[in-house]
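[1] Coordinates only, no sequence provided:
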């Protein structure tokens, strides 16, 4: 299983399959026997009330948490856990619910960090900075500039990201993930705290990435309007358990989902 | 209007990513290099060499080293004195075993040995951060100084425990030992500092530097984008220690000539002053390393001139005042400009850019 295996999978076939994933922190069960699969090239949404285990699920997928039990079938190979670095190498990129940018660095440098795994020259050559290193640097800069153009970040190229407004920081974080040229993009509440216009922009970016780069997108989002509009399939979690999955219109009419969101009356 | 950027268009990513992208900076740098290489060597005397220029160059190098580790990679270290001692004693031992080896090579090998020691003492950094790491590096400071004191092999079983440099030449001119002319020691340090500074700057603006800064700013996110934390932190420890080791080697071989480890590489004489340099100069700034070193090296001289020569205090009283003023200045600096002299310089540039319009 590697980036090559993932690239070989035809669109519409399963890229990641999660089998009976359970995750517990001591006595707290974050996830209980959750199974679903993500097909290559789709926009897949994970929804659920607060504390349902959605972010934990993403952390399991990109190797930050090791599941207590269950297996992940990633691009045709079964495994129970993986290292974050390995996930990054295999083409998984992600953004965070609470922005996790490198605050002291400029937008450009933040995006350039997305290219780190693809830069191969050793440190002695970097120290001398002659031909090949400068050339490599330029190649990656060009890729990053494409992302900057796509996300309209030209005017803040040199600004330290710590001083940017929230909406832009979210966009820079998406940019950093895109600079990695991922096959699978995990987005943890990319539209949280945004106004309607910003949400529209962000949805447009997500859909364009999905349509044109054919990147598989796994998305956590609370705005039901956005989720129903842009996702192909949805899985619903509540208290760490899967309570429903399917197409947006199926989810909309799913009794268990409606109960989880609206609450069940006692009588 | 004095510092004008408008009209300087960049048409390639390479020129945009240059070390000195602005014409003014380039001119300033070339002028500085011209003065440093072609004028100062002819006018330098022993006082300027011993009191200002050589210590400035050596401490700049140590400050760059510590800035790589603390300013760029975010790992606080109080072990600078210990690592400089490793550089000094490596130089001494190599000199005794290989009397014919070129001094430049000896010093670079000493740097490599210090880098190896730095990696060992950097291992705890994977588990501990911040204050706790500072304490761990403090332990390395005490351990290394203790080691060089306790094991007579390091100082060749001499009675005093001192180590003394023997004369070494570059191109037939002595650069170490009592006979070395001022211009030779100065130029020797200058060449090393210029070369190593460019190497450091290049590392910082390429993959290595971005990995360090990613670890410094948000280690979890860095790990997720594929920056291995242990490897990156250890590389910062190694390269930082290399610079500090070279500085220690120069401090012993070129500057002092004879040292006693507890005195010369004490935490109060080296580790804290170098940390002050990068805090006063600016954490995570190459320019800051130089400004901080210049400030720390020249301040005592300036204060002495002011208090002894101008006001007429006795030298001892002046020395006591100096320590007090030092402490005060540190506090004032941390409150008024926590980002250091480098930030002051960038504010000044901003002002010059708009001058004479006061908005």
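    That came through fine. No experiment lies behind these values; they were computed from the predicted model shown.

[2] Count the neighbours of the residue of the stretch 151-267 of chain A found nearest chain B for me.
    Taking CB to the nearest CB as the measure, the stretch 151-267 of chain A has residue A:180 as its residue closest to chain B, at 6.5 Å. Where you see a C-beta, it was placed from the backbone N, CA and C, and this is true even at glycine. For residue A:180, the count of nearby residues is 26 (other CB atoms under 10 Å in any protein chain shown).

[3] Return the distance of residue B:287 relative to residue B:252.
    Counting by CB to CB, to the nearest Å, the separation of residue B:287 from residue B:252 is 27 Å.

[4] Neighbour count: those two, which is higher?
    Ranked by neighbour count (other CB under 10 Å), residue B:287 and residue B:252 place residue B:252 first, with 30 against 14.

[5] Sticking with the closest residue to the more buried one other than its chain neighbours, tell me its helix or strand.
    Distances taken as CB to CB, 6 or more residues apart in numbering or on different chains place residue B:88 nearest to residue B:252, at 3.5 Å, with adjacent residues excluded. Assigned by DSSP states H and E, residue B:88 belongs to helix B:80-97.

[6] Show residues contacting the following helix or strand past that helix.
    Per DSSP H and E, helix B:80-97 leads on to helix B:103-122 as the next helix or strand towards the C-terminus. For helix B:103-122, the surrounding residues in contact (CB atoms under 8 Å, 6 or more residues apart in numbering or on different chains) are B:75, B:79, B:83, B:86-88, B:90-91, B:94-95, B:98, B:136-137, B:140, B:144, B:168-170, B:175-176, B:188, B:192, B:233-234, B:236-246, B:248-250, B:253.

[7] List only those of the residues you listed flagged as buried.
    B:75, B:79, B:83, B:86-88, B:90-91, B:94-95, B:136-137, B:140, B:144, B:168, B:170, B:175-176, B:188, B:192, B:233-234, B:236-246, B:248-250, B:253 (16 or more other CB atoms under 10 Å in any protein chain shown).

[8] Among these, which lie within strands?
    Judged by DSSP state E, those include residue B:170 as members of strands.

[9] residues in contact with the residue nearest to residue B:252?
    Contacts for residue B:88 (CB under 8 Å, 6+ apart) come out as B:110, B:163, B:248, B:249, B:251, B:252, B:253, B:259, B:261, B:264, B:265.

[10] Mind doing that once more with 10 Å?
    B:110, B:114, B:148, B:154, B:163, B:165, B:245, B:247-253, B:256, B:259, B:261, B:264-265 (CB atoms under 10 Å, 6 or more residues apart in numbering or on different chains).

[11] and the helix holding residue B:88, what's its mean pLDDT?
    Per-residue pLDDT over helix B:80-97 has a mean of 93.

[12] ok, now stretch A:68-75?
    On average, stretch A:68-75 scores 85.

[13] again, but for stretch B:175-193
    Mean predicted lDDT for stretch B:175-193 stands at 88.

[14] Buried residues in it, which are they?
    Result for stretch B:175-193 [16+ other CB under 10 Å]: buried residues B:175-177, B:180, B:182-190, B:192-193.

[15] Need the max-distance pair from those residues.
    B:177 and B:193 (20.6 Å; CB to CB).

[16] What are the phi and psi values at residue B:101?
    phi -70, psi 140 (degrees, to the nearest 10).

[17] What pLDDT does the model give residue 151?
    Since no chain was named, I'll use chain A. Per-residue confidence (pLDDT) for residue A:151: 91.

[18] looking at chain B here, not the other one
    Residue B:151 is assigned 88 on the pLDDT scale.

[19] What of residue A:81?
    For residue A:81, the model assigns a pLDDT of 67.

[20] ok, longest helix in chain A?
    In chain A, with assignment by DSSP state H, the single longest helix is helix A:131-150.

[21] tell me the angle the very next helix or strand once past that helix makes with helix A:131-150.
    Using DSSP H and E, the helix or strand that follows helix A:131-150 towards the C-terminus is helix A:166-179. Orientation check (axes from the mean of the first three to the mean of the last three CA atoms, to 10 degrees): helix A:166-179 against helix A:131-150 gives 130 degrees.

[22] can you list the residues of the stretch 151-267 of chain A near chain B?
    By the rule CB under 10 Å from any CB of the partner chain, the part of the stretch 151-267 of chain A lying against chain B is A:157, A:161, A:162, A:173, A:176, A:177, A:179, A:180, A:186.
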